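Asks: No sequence on hand, only this structure:
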């Protein structure tokens with residue numbers, strides 16, 4: 001059990017130290033005005049003129065001169081090395097949905113670890129903002145106002161099945177598995193609905209859909225995944 005560090009009835013922005021711009025952060029904050037920085041993400045927040053509400057991590061990648069600008073009561077050091085800083089933060093931030101800025105691009109191993117965390121912590125809906133795309137772990141059902149021709153990629157992190165409407169190549173009856181069948185470069189024919197049978201399928205959508213995706217995941221009556229046992 002992880003005790004919350006920050007809790008909100010509205011979306012929260014989580015900022016990391018990867019590839020992101022001030023504009024990316026400001027765009028996220030218009031939808032999720034509480035800013036939680038993950039370790040070195042505090043530097044990006046300060047460069048953007050934003051004092052993070054909290055900073056979470058083991059503090060091994062945030063410069064001392066940056067950390068000194070954060071009030072001590074806002075710093076939450078978690079020293080264990082069994083999880084990444086992103087996982088440390090996501091497990092302790094409670095909100096309808098989290099927008100992750102600064103977690104896509106950069107080192108491939110870091111990016112893969114972030115995707116792992118989305119599946120490991122399915123009870124914390126999170127939208128990752130990239131340069132041209134947004135990524136999330138698909139909920140049990142997702143309605144999204146895609147347009148005909150929008151690229152919709154689905155990537156499994158485990159064995160999972162689902163159903164769809166509004167995709168050029170429907171996924172009904174397909175057994176997704178990272179070793180045998182993936183779903184890159186599908187296309188929308190209009191608005192889509194995707195039903196997923198388990199918390200193991202990533203969805204990749206055009207960046208312009210971030211507000212709609214955040215709204216869909218934050219809807220109070222949307223079905224959500226439970227925390228994984230153990």
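Replies: Ah, there it is. Worth saying up front: this structure is predicted, and the values here are computed from it rather than measured.

Asks: When you work out contacts or count neighbours from here on, use the C-alpha atoms and nothing else.
Replies: Noted.

Asks: tell me the mean pLDDT over the longest strand seen in the chain?
Replies: Across the chain, the longest stretch assigned as strand under DSSP state E is strand 183-196. Across strand 183-196, pLDDT averages out at 98.

Asks: any idea of the mean pLDDT for whichever helix or strand comes after it?
Replies: Where DSSP states H and E defines the elements, the next helix or strand beyond strand 183-196 is strand 201-206. Averaged across strand 201-206, the pLDDT comes to 98.

Asks: again with stretch 140-156
Replies: Here the average pLDDT along stretch 140-156 is 98.

Asks: So what are the sheet partners of the longest strand of the chain and their directions?
Replies: Take DSSP bridges as the rule and strand 183-196 pairs in its sheet with strand 141-144 (antiparallel), strand 151-156 (antiparallel), strand 162-167 (antiparallel).

Asks: Same list, those strands, but as TSV with distance to residue 181 and mean neighbour count please.
Replies: Below are these laid out as TSV (distance: least, Cα to Cα, whole Å; neighbours: other Cα atoms under 10 Å):
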stretch	distance to residue 181	mean neighbour count
strand 141-144	21	18
strand 151-156	8	20
strand 162-167	13	19
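
Asks: so which of these gets nearest residue 10?
Replies: strand 141-144 (19.2 Å; Cα to Cα).

Asks: residues contacting the nearest residue to residue 193 once chain neighbours are set aside?
Replies: Excluding the flanking residues, the one nearest residue 193 by Cα to Cα, 6 or more residues apart in numbering is residue 143, at 4.6 Å. Contacts for residue 143 were tallied using Cα atoms under 8 Å, 6 or more residues apart in numbering; they are 191, 192, 193, 194, 216.

Asks: And for residue 66?
Replies: Applying Cα under 8 Å, 6+ apart, we find residue 66 in contact with 42, 43, 46.

Asks: wait, the second one sits on residue 62?
Replies: Yes. Using Cα atoms under 8 Å, residue 43 makes contact with residue 62 at a distance of 7.1 Å.

Asks: And those two? Which one has more around it.
Replies: Using other Cα atoms under 10 Å as the criterion, residue 43 and residue 62 rank with residue 43 on top: 25 against 18.

Asks: Let's have the strands paired with strand 183-196 in TSV, adding distance to residue 13.
Replies: Formatted as TSV, the strands paired with strand 183-196 follow (distance: least, Cα to Cα, whole Å):
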stretch	distance to residue 13
strand 141-144	21
strand 151-156	24
strand 162-167	29
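
Asks: right, and those - which one's nearest residue 131?
Replies: strand 151-156 (14.9 Å).

Asks: Need the single longest helix in the protein, by residues.
Replies: Of all the segments assigned as helix in the chain under DSSP state H, the longest by residue count is helix 108-120.

Asks: helices or strands next to that one in the packing?
Replies: helix 85-92, strand 133-137 (3 or more Cα pairs under 8 Å, 6 or more residues apart in numbering; DSSP states H and E).

Asks: sorry, back to before: ranking by neighbours, what's the top pick from the contacts of residue 143?
Replies: residue 194 (22 neighbours).

Asks: I figured residue 18 was touching residue 100, is that so?
Replies: No. Residue 18 is beyond contact range of residue 100, at 10.5 Å (criterion: Cα under 8 Å).
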